[in-house]
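Asks: heads up, no residue letters with this:
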C-alpha cells in the first residue's frame with residue numbers, strides 16, 4: 001500500500017519550556033497482519049518522523065515495525081505504542097515502510113516532528129556547532145548554580161590533577177523526560193552536606209562539549225558517576 005503525503009493540521013504537545021509539533025503525514029492507516037504502508041517525503045536534511053497506534057485496543061507487544069528503506073542500511077524499530085526517530089535523506093528523499101507484525105489489525109497515524117527549544121539552556125546553545133566528546137573527572141566540587149527551569153547548571157570545581165574549571169552542564173533542552181541524565185541533585189547534595197571529596201572523587205561527567213574553556217558548554221550528557229577511576233576514555237577527551 002502506498003499513498004501521497006500531505007500535512008493537514010498541527011497538534012501541539014510538550015512541556016512548559018519547549019514544544020513538540022506533530023505534523024500529520026498520513027492519518028488512520030489501517031494495516032492487516034503482515035500488511036505494510038510506505039511513505040516517501042522530499043527532504044534536504046535529516047527529518048524526525050514517527051507513528052502512533054490509534055486503534056481502540058492498544059497493543060500489548062510490538063505490533064508495528066518501521067523500517068528505513070531510503071537506501072543503505074535498512075534500520076528497523078518496533079515498539080507497542082509508537083515512536084519517532086531521525087532519518088537522513090538519500091537523493092533528496094526519505095522512505096519508510098510501516099509493517100504490521102502483530103496477529104491482528106492495527107491503525108496508525110504517521111507524522112513529522114518539529115521541535116522548538118525554549119528552555120533557559122537553549123539561549124547559549126548553537127545547534128549548528130559540532131560537539132566533541134569531553135569527560136570531566138572531578139576531584140572536588142566547589143559550587144553549583146542551577147537555572148530556574150532546571151535545564152542547566154553552572155558547576156565549578158577542581159579536575160583530577162588540580163586544574164580549576166567552571167562550565168555549564170545542560171541536562172535537557174526541548175523536553176524534560178524521566179530518562180534525562182541530571183547530575184545536579186547529587187552535586188548539590190555533596191556541597192550542602194560538605195561531603196569529603198574522597199567519598200565521590202573522581203566524579204565523572206561525560207557529554208558533548210561546545211566551545212573552549214572557560215566557556216565550555218557540556219550537552220548530551222550520558223554519564224554521572226561517582227568514584228569512577230576506571231572510566232574508559234582516551235586522554236585527549238579528558239578535561240585537563
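Replies: The structure has been received and is ready for your questions. Predicted, not measured: the structure shown is a model, and the values here were computed from it.

Asks: the chain: helices as residue ranges?
Replies: 184-192 (DSSP state H).

Asks: burial count for residue 187?
Replies: 25 (other C-beta atoms under 10 Å). Placement of C-beta: from N, CA and C, glycine included.

Asks: give the contact list for it.
Replies: 141, 144, 153, 155, 203 (C-beta atoms under 8 Å, 6 or more residues apart in numbering).

Asks: out of the residues you listed, list just those in strands.
Replies: Secondary structure assignment by DSSP state E places 141, 144, 153, 155, 203 of these in strands.

Asks: ok so, going back, of all pairs in the contacts of residue 187, which one spans the longest distance?
Replies: 153 and 203 (13.5 Å; C-beta to C-beta).

Asks: still on that earlier bit, please pick the buried ones from the ones in strands among the contacts of residue 187.
Replies: Listed as buried from the ones in strands among the contacts of residue 187 are 141, 144, 153, 155, 203; burial here means 16 or more other C-beta atoms under 10 Å.

Asks: was I right about the third one contacting residue 166?
Replies: No: using C-beta atoms under 8 Å, residue 153 makes no contact with residue 166, being 11.0 Å away.

Asks: skip the chain neighbours and tell me the closest residue to residue 77.
Replies: Spatial nearest neighbour of residue 77, excluding adjacent residues (C-beta to C-beta, 6 or more residues apart in numbering): residue 66 at 5.3 Å.

Asks: that neighbour and residue 99: what is the separation?
Replies: 8 Å (C-beta to C-beta, to the nearest Å).

Asks: the more surrounded of the two?
Replies: Neighbour tally, residue 66 and residue 99, criterion other C-beta under 10 Å: the higher count belongs to residue 66, 25 against 19.

Asks: that one pairs with what?
Replies: Counting by DSSP bridges, residue 66 is bridged to residue 77, residue 98.

Asks: relative to residue 86, how far out is it?
Replies: Residue 66 sits 12 Å away from residue 86, taking C-beta to C-beta as the criterion.

Asks: what about residue 212, how many residues nearby?
Replies: Other residues lying near residue 212 total 7 when counted by other C-beta under 10 Å.

Asks: likewise for residue 127?
Replies: 8.

Asks: so how far is residue 205 from it?
Replies: Taking C-beta to C-beta, one finds residue 127 at 22 Å from residue 205.

Asks: this protein: strands as residue ranges?
Replies: Using DSSP E, strands in the chain cover 11-15, 18-31, 36-42, 47-53, 64-68, 76-79, 82-87, 93-100, 106-117, 132-146, 152-159, 164-170, 203-210, 217-225.

Asks: so which of those is nearest residue 234?
Replies: Here strand 132-146 is closest among the strands of the chain (C-beta to C-beta), at 8.6 Å.

Asks: which strands and helices lie in contact with the closest one?
Replies: Packing contacts for strand 132-146, counted by 3 or more C-beta pairs under 8 Å, 6 or more residues apart in numbering; DSSP states H and E, involve strand 152-159, helix 184-192, strand 203-210, strand 217-225.

Asks: name the stretch among those that sits most buried.
Replies: Of all these, strand 203-210 has the most neighbours on average by mean count of other C-beta atoms under 10 Å, namely a mean of 22.

Asks: who touches that one?
Replies: So strand 203-210 is in contact with 125-126, 129, 131-138, 141, 169-170, 183, 187, 216-228, 231, 233, going by C-beta under 8 Å, 6+ apart.

Asks: please apply the same query to stretch 217-236.
Replies: Counting by C-beta under 8 Å, 6+ apart, 124-125, 131, 133-137, 167-171, 173, 181-183, 186, 199-211 sit against stretch 217-236.

Asks: which of those residues are buried?
Replies: Buried residues within the contacts of stretch 217-236, counting neighbours by 16+ other C-beta under 10 Å: 125, 134-137, 167-171, 173, 182-183, 186, 200-211.
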